[in-house]
Each structure stands twice: as C-alpha cells, then as structure tokens.
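>>> turn this into a structure:
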Amino acid sequence: MSIRISTNAIFEAGTSQINTLQSQIAKTQMQLSTNKRMLSAADDPIASAKALELTQSQSMNTQFGTNRSNAKTSLSLVDQSMQDVSAQITSIQSLIVTAGNGGYSASDREALATELQGRLTDLIGLANTSDGTGGYLYSGYKTGTQPYVQTPTGATYQGDQGQRNLQVGTSRSMSVSENGSAIFDAIPTGNGKFTTTAAAANTGSGIIAPGTVTDSSKLTGHDYAVAFSVSGTPAVTTYSVSDNSTSPATAVLANQPYKEGTAIAFDGVSFDVKGAPADGDSFTVAPSQKQSVFTTLTNLISTLRTSADGSTGKAALANGLASAGANMKNALDNVLTVQASVGARLKEVDNLDSTGDDLNVQYQTTLSGLQDLDMVKAISLFSQQQTTLQAAQVSFKTMSGLSLFNYIS
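Predicted coordinates:
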C-alpha cells in the first residue's frame, strides 16, 4: 500500500528539520563563543542552581575580603598610633626619673614641667588622631566628634564607649577600632590593686612606697589611714592603722614601732615608709581607682611646680613623683595590652585572607566544573551538526526539485 505525501508536507517537514538543525548549531556556536556549557537554566537545572549558590557564596567571600582590607587599614592606624603613644609615655617616665634628681633646682624642675606640658599636648593630639576619612580613631561610634578637649585638670573625653565592628568572615565579626576612654582614661592608680597617698598637710619627711599585694584573698577593698605619732624623750615614732570604711573606724594595728623601710602589712597589703614622719602625719591606703593619663600628667606638672624646699617639700615631691611613676607605668601597660590586642587582630585578618583566597580558588574550580565547556567535545559536535545541516539542505533541495514535469518530454 502506498502513502501519498503532498508537496506541501514535504516542504513543511524539510523546513522544520532544517530550522531545528540550525537552532542546534547556533546553540553550539554560542557555547563555543562563551566557553559556557549552560546558556540558560533549562540546559541543566540542577547544575544551574548549584552554580547560582556558588556564585553568591563567591560574591560574599569577595565582600568579606574587601571588609578585611578595610579592617587592616583601620587596625594598622590604631597600631601605629599606639606605638607613638607608648613612645611618649616611655619618654615621660624617663623625665619622672630625671625629676627625682636631688641636685635639681626649682628652675630645673620648671624646665621639666614645661617640657612635660608639651608632652601633654602631644599626647592629647595622639588621642585625637584622625582615621584618614574625616573622622577620629578613638571616638567610639561618634567618629565625627573630637575625642578629647584639654581642660585645666587634664582632658575631657567626648566620645562614647563603642567599638566599630566589621564582618570579616562568615562567622567572624571583628572590632576595628578602640575607644579613647578605655585607652587613656581607664588607668588604675597605684599598683593596680591599691594606692598609697601622703596627706597634703604632712610636715615630716615620710615617703610612702606604692606597695604590693601579699595575699589577694585577704583584700577587703576598704580605705585605711596610717597615722604616725612621735612622743617621749628620746623621741619614739609609732604608727596605727585604722579601717575608715567602717563607722566608727576600726583599729587594725595600734601603736606599732616605726622603723624606716620596714614593711607595714595588714589585710593582704604590704608597703613601707622611708624618712622621718612628723607627729600627726598620715597616709592613706585605698582601692585603686580609674584615672586619666592626662590627669596624672597634669598632676605631675603641678608637683614639679610646687616648692620642694626643706625635708617636707622634698618628701612631697618624692611622693608625687612616686605616684606619677606608678600611674604612668599602669598607663603604659594598658597601652601595650591594647597594642597586643590590635596585633592579634591584624594577624587574624592575615589568616582569614589566606583562608578567603583558598575559598575563592575552591569556588572557582567548582564553578568551572559546572559551567565550563568541554571545548574538544563541543568542536566535534559543531562539526557533526554542520555536516548534518549541509546534508539536510542538499537533500531538501533535491526533494523540492522533484516534479513529474521533469520527466515529460
């Protein structure tokens, strides 16, 4: 049984097949020109979804890299600033030691006070360091506000307690700034646990040491008074210690014989007094407080400009210098702690950069496996499709040329 095929059907079938072959070869040519296996999600839905997820992860990793670069810039500025601050404090400590020279005159101490006044201005300038973008490093969140303004007693902090953070990794948010209050204001006085102070009204030559903690479990956090008494002939000096945090004050030690340089110990603290305290002289022992480094430096300048005549004046000078020396040591320790923290964060950023670079390579390799074209296979397919299309075109031309009239003579 024969099947009759109309000329129109022949033309439609041939045209449809050639169009299909042309579409296939056009797609292969597009893949070759872009070196991409997937031109649309329809080519491989599963691989396309995976590639989209990887591309998003890669973009996030790139953004984290930008954040790390910004973090490194900010932390490097803080680190450099802290180096300058520590250098200033070290220089001030040297001047404190120099000021203790017994041969210095009032004019010599005035010269030192003038130099320290300049160091105070420099230190405040460092506390007001710019972040390079129009703001300040140490203002906390208030980057547009100058952190410190100099006052007669030191300097006043105008920023807040915030620390700016940046997301430097998928699960790592890092502080990239420090607030000035934590660096310059939160300096413990004395030895960090307690502070010893001579009364301003003392008339003797007693000089009290900063002291040490002998047993932290016995520390009470109370305020104590050490009162000296001189009586008898020959004169005998004794001291008594009372706890002023109770009402009425409680006697801790009573009428103890005083021997210069011998430790006075009670309730976990120990210190000594040198020189000759006068009758009625007193010293206080109190828990350490937080004090601004600018206040310490201002007090030091005032101490140097106060008369140091006689044994009483020299004792007051020595006590003032000892207090300033202990406070500046604590200030340097605090700055070095901050600097160490900044250095640790810079090191972590470097490690995160290395990890981020490895992730980028991994993402790119996986994406390449999903998206990239097998060039050899594609060229072979293109050649095959080209041959098939040419054959279809020739056959279509031949079939479309068939006509009964060609055989009628």
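>>> for the rest of this, base every contact and every neighbour count on C-alpha atoms.
Fine.
>>> where in the stretch 301-409 of the chain is pLDDT low?
In the predicted model, the stretch 301-409 of the chain carries pLDDT under 70 at residues 368-376, 378, 381, 389, 392, 396, 399-409.
>>> kindly recompute the last result at 80.
Applying pLDDT under 80 to the stretch 301-409 of the chain flags the ranges 364-409.
>>> in terms of residue numbering, what are the domains of this protein?
According to automatic domain parsing, the chain comprises the domains 55-189+328-359, 198-288.
>>> give me the distance between the two termini of the last one.
The one in question is domain 198-288. 15 Å (CA to CA, to the nearest Å).
>>> what helices and strands are in contact with whichever strand or helix holds Asp358?
Using DSSP states H and E, Asp358 sits within helix 310-371. Helices and strands touching helix 310-371, as assessed by 3 or more CA pairs under 8 Å, 6 or more residues apart in numbering; DSSP states H and E, comprise helix 45-99, strand 165-169, strand 187-188, strand 194-198, strand 207-208, helix 293-304.
>>> quick one on the thing from earlier: reformat the domains of the chain as CSV; add distance to Phe11.
Formatted as CSV, the entries for the domains of the chain read as follows, by distance: least, CA to CA, whole Å:
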stretch, distance to Phe11
domain 55-189+328-359, 46
domain 198-288, 102
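>>> pipe the ones you listed into TSV and attach mean neighbour count and distance to Gln393 per row.
Conversion of these to TSV gives the following (neighbours: other CA atoms under 10 Å; distance: least, CA to CA, whole Å):
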stretch	mean neighbour count	distance to Gln393
domain 55-189+328-359	18	42
domain 198-288	17	98
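>>> for these, which one sits closest to Gly310?
Distance to Gly310, taken as CA to CA, is lowest for domain 198-288 among these, at 8.9 Å.
>>> can I assume Asp185 is in contact with Ser292?
Yes: applying CA atoms under 8 Å, one finds Asp185 in contact with Ser292, separated by 3.8 Å.
>>> rewinding a little: so which of the domains of the chain comes closest to Leu317?
Nearest to Leu317 among the domains of the chain is domain 55-189+328-359; the distance by CA to CA comes to 8.0 Å.
>>> how close does Gly154 get to Val230?
Taken as CA to CA, the span from Gly154 to Val230 is 38 Å.
>>> wait, Gly356
Taking CA to CA as the measure, Gly356 and Val230 are separated by 73 Å.
>>> just Gln56 next, same as before
From Gln56 to Val230 the distance is 83 Å (CA to CA).
>>> also Thr20?
Computed as CA to CA, the Thr20 to Val230 distance reads 118 Å.
>>> go on, Val176?
Counting by CA to CA, the gap from Val176 to Val230 is 58 Å.
>>> then Thr156?
Relative to Val230, Thr156 is positioned 43 Å away (CA to CA).
>>> now swap in Gly325 and tell me
From Gly325 across to Val230, the span is 30 Å (CA to CA).
>>> quick check: next helix or strand after the helix or strand harbouring Glu115?
According to DSSP H and E, Glu115 maps onto helix 106-127. Moving toward the C-terminus from helix 106-127, the next helix or strand (DSSP H and E) is strand 148-151.
>>> elements contacting that following strand?
Contacts of strand 148-151 with other secondary structure elements, assessed using 3+ CA pairs under 8 Å, 6+ apart, are made with helix 106-127, strand 154-157.
>>> and the last one, average pLDDT?
Taken as a whole, strand 154-157 has a mean pLDDT of 94.
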